[in-house]
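# Fold the following, please.
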Amino acid sequence: MSNGDSEETQTDVLLDRQRPKPTGGLVVIFREAAETAAQIAALEAGGLRASALPIVADLTDFMAAEREVCAVLTELGVAFVPECAPARAGELIGLLSDQEAVADTRPEFYLFATAPFQDTPERTWGVAAVGAVESPFTGQGIRLAVLDSGLDLQHPDYRERRVASRSFVPEEDVDDLQGHGTHCAGTAAGRPLDSGTPRYGVAPQAELYVGKVLNNRGAGRERDILAGMAWAVGEGCQVISMSLGAPVRQGETYNTLYEREAQAALSAGSLIVAAAGNESARSNGYIAPVGMPANSPSILAVAAVDQALEVAEFSSGGINAGIDGGGAVDLAAPGVGVFSALPLPREYGSLRGTSMACPHVAGCAALWAESDPALRGRALWDSLTQSALPLSADERDLGKGLVQAPGRGGPAAA
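Residues are numbered from 1 along each chain as shown. As a prediction, this is how the structure comes out:
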């Protein structure tokens with residue numbers, strides 16, 4: 001029908017405008033059977049210099065030092081080509097795509113914090129809704145990583161707290177000037193002061209690991225995000241929270257780059273949780289697909305609900321579910337009027353977005369991981385989805401339902 005064609009075209013234009021701009025570098029995905037020597041030879045055939053890099057977390061530092069050398073990630077079968085002129089990038093895509101060892105070559109993009117919105121404070125309703133207040137567990141002994149825009153280390157709730165941190169953003173330290181990372185870390189594992197500040201952290205005694213993968217403007221290169229993911233896995237973090245992403249089109253498959261790292265994480269006993277995205281306009285009848293990297297089959301995708309436990313207006317849905325096994329929403333969590341920490345001088349405030357929902361799930365994952373040492377990787381994923389509170393909306397929109405903490409024993413209290 002002509003009306004449907006027109007609407008689809010308008011949607012495509014909107015998504016193109018939302019897509020992050022390319023960094024100027026390239027991502028090369030090698031075939032799974034290709035040996036390291038064949039991978040390097042394929043890059044050299046394109047006139048490039050290449051070096052094998054066995055530790056993915058060192059990627060950011062390597063490419064900052066070796067600005068003209070391709071980094072071949074031997075663990076994942078992926079390479080990053082440094083920034084070059086658009087004409088040269090186009091030439092390289094053609095040259096590399098002809099190499100037998102290469103499965104795909106594409107531009108590298110920036111990913112972004114998933115656009116939170118200011119809202120009226122509804123302070124700790126989210127912590128209550130997921131049952132964290134009633135749970136006997138606090139996340140003690142569990143390593144929980146938040147990969148975002150960093151953390152305000154001078155915030156009174158973190159100044160005396162031991163926080164492991166590392167910045168993957170060149171020329172920026174881990175301190176959060178943007179605010180997104182501090183808010184998300186607070187929801188996942190914030191520990192309020194004793195002066196009457198309401199509890200806003202789901203797992204307040206988890207061991208907090210902060211990886212700065214988004215810069216002070218809230219944008220991050222894929223290479224830095226991937227390095228942060230590898231760092232968190234290497235540090236033994238049982239839970240990794242990622243409130244970041246980029247839109248995808250209807251019918252678009254997941255990104256192999258993130259799926260390979262997520263599979264490695266699950267095998268190592270780490271669960272990666274990511275925000276589904278905020279691109280929907282449901283009151284206008286538009287539901288956006290789950291964005292990347294949350295659309296990867298091995299990353300747990302989180303949608304947002306409001307205080308009535310209804311799907312949030314902006315929350316992306318699983319309209320690409322089943323395409324090559326990815327694209328689905330797995331769980332839902334509070335994502336409207338979420339109270340948490342913000343960088344000084346604001347100190348606290350409420351935001352909304354699937355960015356705010358994601359750390360609720362990460363916090364609950366830490367509680368489940370504390371409850372049973374066997375709950376790691378895929379087993380932890382299964383416990384979260386099997387214990388979720390079913391909601392009235394379709395599974396396409398809210399997955400298995402509202403995430404629940406272990407041992408709460410009752411319906412969610414909003």
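
# which regions of this protein sit below the pLDDT cut-off?
For the chain, the stretches flagged by pLDDT under 70 are 1-20, 115-123, 192-196, 408-414.

# got a list of what the spatially most central residue of it touches?
With distances taken as Cα atoms, centre = their mean, the residue of the chain nearest its centroid is Met242 (2.6 Å). Listed by Cβ atoms under 8 Å, 6 or more residues apart in numbering, the contact set of Met242 reads Leu147, Asp148, Ile225, Met229, Ile272, Val273, Ala274, Ala275, Pro293, Ala294, Ile299, Cys358. Glycine gets a C-beta too; all of them are placed from N, C-alpha and C.

# Among the residues you listed, which ones are in strands?
Leu147, Asp148, Ile272, Val273, Ala274, Ala275 (DSSP state E).

# who wins for most neighbours among those?
Within the ones in strands among the contacts of Met242, most neighbours by other Cβ atoms under 10 Å means Ala275, with 35 neighbours.

# Kindly state the beta-bridge partners for that one.
Val302 (DSSP bridges).

# Please report the distance of it from Ser298.
16 Å (Cβ to Cβ, to the nearest Å).

# Can you tell me, leaving aside adjacent residues, what's nearest to Ser167?
The shortest distance from Ser167 to any non-neighbouring residue, by Cβ to Cβ, 6 or more residues apart in numbering, is to Lys212 (4.1 Å).

# Quick one: the strands in the stretch 301-414 of the chain, in order.
331-334, 338-341, 348-352 (DSSP state E, counting those that start in this stretch).

# and if you look at the stretch 51-200 of the chain?
Counting by DSSP E, counting those that start in this stretch, the stretch 51-200 of the chain has strands at residues 69-73, 78-81, 102-113, 117-118, 143-148, 163-167.

# okay if I get those strands as a markdown table plus distance to Thr60?
What follows is those, written out as a markdown table (distance: least, Cβ to Cβ, whole Å):
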| stretch | distance to Thr60 |
| --- | --- |
| strand 69-73 | 10 |
| strand 78-81 | 10 |
| strand 102-113 | 13 |
| strand 117-118 | 30 |
| strand 143-148 | 12 |
| strand 163-167 | 9 |
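
# For Ala304, which of the ones you listed is the nearest?
strand 117-118 (10.8 Å; Cβ to Cβ).

# For this structure, which segments count as helices?
Listed in chain order, the helices of the chain (DSSP state H) span 2-18, 36-45, 59-65, 86-97, 125-129, 180-189, 222-234, 256-267, 354-371, 378-386, 395-398.

# out of the ones you listed, which comes closest to Arg166?
Of the helices of the chain, the one closest to Arg166 (Cβ to Cβ) turns out to be helix 222-234, at 6.0 Å.

# okay, the angle between the closest one and strand 102-113?
Here the directions of helix 222-234 and strand 102-113 differ by 90 degrees (axes from the mean of the first three to the mean of the last three Cα atoms, to 10 degrees).

# Let's see the distance spanning stretch 209-224 from one end to the other.
16 Å (Cα to Cα, to the nearest Å).

# in it, what's buried?
Buried residues in stretch 209-224, counted by 16 or more other Cβ atoms under 10 Å: 209-215, 218-224.

# for stretch 285-304, same thing?
Buried-residue list, stretch 285-304, by 16+ other Cβ under 10 Å: 287-304.

# and for stretch 69-81, what are the contacting residues?
Contacts of stretch 69-81 (Cβ under 8 Å, 6+ apart): 25-32, 34, 36, 39-40, 43, 48-56, 59, 62-63, 82, 92, 108, 223, 226, 230, 256-257, 260-261, 264.

# Let's see it as PDB, backbone CA atoms only.
The C-alpha trace of stretch 69-81 is given here as PDB (Å, rounded to 0.1, in the frame of the first residue of the first chain):
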ATOM      1  CA  VAL A  69      48.800   0.400  12.400                       C
ATOM      2  CA  CYS A  70      45.800  -1.900  12.200                       C
ATOM      3  CA  ALA A  71      45.000  -3.800  15.400                       C
ATOM      4  CA  VAL A  72      44.100  -7.400  14.800                       C
ATOM      5  CA  LEU A  73      42.200  -8.800  17.800                       C
ATOM      6  CA  THR A  74      43.200 -12.400  17.700                       C
ATOM      7  CA  GLU A  75      40.700 -13.400  20.400                       C
ATOM      8  CA  LEU A  76      37.700 -12.200  18.400                       C
ATOM      9  CA  GLY A  77      38.800 -12.400  14.800                       C
ATOM     10  CA  VAL A  78      38.300  -8.700  14.300                       C
ATOM     11  CA  ALA A  79      40.500  -5.800  13.200                       C
ATOM     12  CA  PHE A  80      40.300  -2.000  13.500                       C
ATOM     13  CA  VAL A  81      41.700   0.100  10.700                       C
END
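
# list the buried ones in it?
Neighbour counts over stretch 69-81 (16+ other Cβ under 10 Å) mark Val69, Cys70, Ala71, Val72, Leu73, Thr74, Leu76, Gly77, Val78, Ala79, Phe80, Val81 as buried.

# Between those, which sits nearest Gly363?
Leu76 (28.1 Å).

# about what we covered before: of all the ones in strands among the contacts of Met242, which two lie farthest apart?
Most distant of the ones in strands among the contacts of Met242, by Cβ to Cβ, are Asp148 and Ile272, 13.3 Å apart.

# ok, the residue nearest to Gly141 when sequence neighbours are not counted - how many residues close by?
In space, and not counting its chain neighbours, Gly141 is closest to Glu370: 6.1 Å by Cβ to Cβ, 6+ apart. Neighbour count of Glu370, defined by other Cβ under 10 Å: 22.

# Check Leu367 too.
30.

# hang on, it packs against Gln140?
No: with contact defined as Cβ atoms under 8 Å, Leu367 does not reach Gln140; the gap is 9.7 Å.

# returning to what we had before: what's the spacing between the residue nearest to Ser167 and Val69?
Counting by Cβ to Cβ - Lys212 and Val69 are separated by 24 Å.

# same question, Met229
For Met229, the distance to Val69 - Cβ to Cβ - is 22 Å.

# cool, and Leu300?
From Leu300 to Val69 the distance is 35 Å (Cβ to Cβ).

# Now do the contacts for the residue nearest to Gly25 when sequence neighbours are not counted.
In space, and not counting its chain neighbours, Gly25 is closest to Glu108: 4.2 Å by Cβ to Cβ, 6+ apart. Contact partners of Glu108, counting by Cβ under 8 Å, 6+ apart, are Pro22, Thr23, Gly24, Gly25, Leu26, Val27, Phe80, Val81, Arg221, Glu222, Arg223.
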